[in-house]
Each structure stands twice: as structure tokens, then as C-alpha cells.
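Visitor: quick one: sequence plus predicted model below, questions after.
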Amino acid sequence: QVHLVESGGGLVQAGDSLRLSCAASGRAFSVYGMAWFRQAPGKEREFVAAITGSGSATSSTDSVKGRATISRDNAKNTVYLQMNSLKPEDTAVYYCAASENRDSMARGEFLYDYWGQGTQVTVSS
């Protein structure tokens with residue numbers, strides 16, 4: 001089992017950058033495929049980006065391509081989401097998730113086994 005804690009959210013202005021972190025504790029971190037999801041008010045939770053256990057492959061949704069980069073540091077048991085050129089529509093609670101399939105870059109939230117509590121990102125116009 002793994003415990004996930006997100007941090008780095010906050011209130012920023014449109015065009016700003018933000019780096020979200022997700023610290024994991026428990027089993028060896030590299031065995032998990034990791035992902036970021038987000039949920040805006042009144043909307044369903046949606047996939048943002050994913051990365052394999054080794055960090056060798058990543059995937060992201062079209063709405064953040066070119067603006068968001070997912071990465072991980074397995075020595076620090078941490079996955080990151082760097083977001084640039086933030087837009088008001090990026091406002092959401094951001095969640096990290098872990099899959100016991102280390103090669104997973106799945107976009108379906110039901111394919112993830114563990115979730116953090118979320119961190120709020122608010123982008124003002």
C-alpha cells in the first residue's frame with residue numbers, strides 16, 4: 001500500500017506557473033505508475049497526465065499539452081506536475097494517483113488504486 005500527499009497548490013494569476021508535488025510513502029515508489037487528475041467545481045474528475053514507474057514514458061491530455069510536464073524522482077518518492085501558462089479553466093482540485101501497474105499510463109480513474117487528498121489550484125483572470 002502507498003500513502004500519497006499532494007502539495008504546491010495555491011492562488012495564482014493567469015499566465016503564471018505552478019509546480020505540484022505528490023510525496024509517497026510505503027512500498028518502493030518505482031513499482032507504481034503515477035498520474036495527476038483534476039476536478040473542477042461541478043465537473044467530473046478528469047485525467048491530466050501520467051508517467052510510468054521508471055519515468056521513461058509520459059502521457060497528457062490535450063488541454064494541457066505544451067503547458068504541463070509530469071516527472072518523478074524515485075529517489076525522493078515524489079511525482080511532480082509542472083504547469084505553465086496557467087489559465088482560469090485550470091482551476092480545480094488536483095489529485096495524484098498510483099497504479100500498481102508500473103507501466104500504466106491509464107486515463108481512467110478507476111484503474112488507479114491509491115489517491116491523495118488533493119490540492120486546490122485557483123487561477124484568477
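Guide: Good, I have the coordinates. On a predicted model such as this, the values are computed, not experimentally measured, just so you know.

Visitor: for the residue nearest to residue 27 when sequence neighbours are not counted, list the residues it contacts.
Guide: In space, and not counting its chain neighbours, residue 27 is closest to residue 2: 5.8 Å by CB to CB, 6 or more residues apart in numbering. C-beta: built from backbone N, CA, C; applies to glycine. Residue 2 makes contact with 24, 25, 26, 27, 29, 32, 98, 114, according to CB atoms under 8 Å, 6 or more residues apart in numbering.

Visitor: in those residues, which has the lowest confidence score?
Guide: Lowest pLDDT of those: residue 27, 73.

Visitor: how many residues are close by it?
Guide: The number of residues packed near residue 27 is 13, by other CB atoms under 10 Å.

Visitor: those strands in the chain, which residues are they?
Guide: Here the chain has its strands, by DSSP state E, at 2-7, 10-13, 18-26, 33-39, 46-51, 58-60, 68-73, 78-83, 92-99, 114-115, 119-124.
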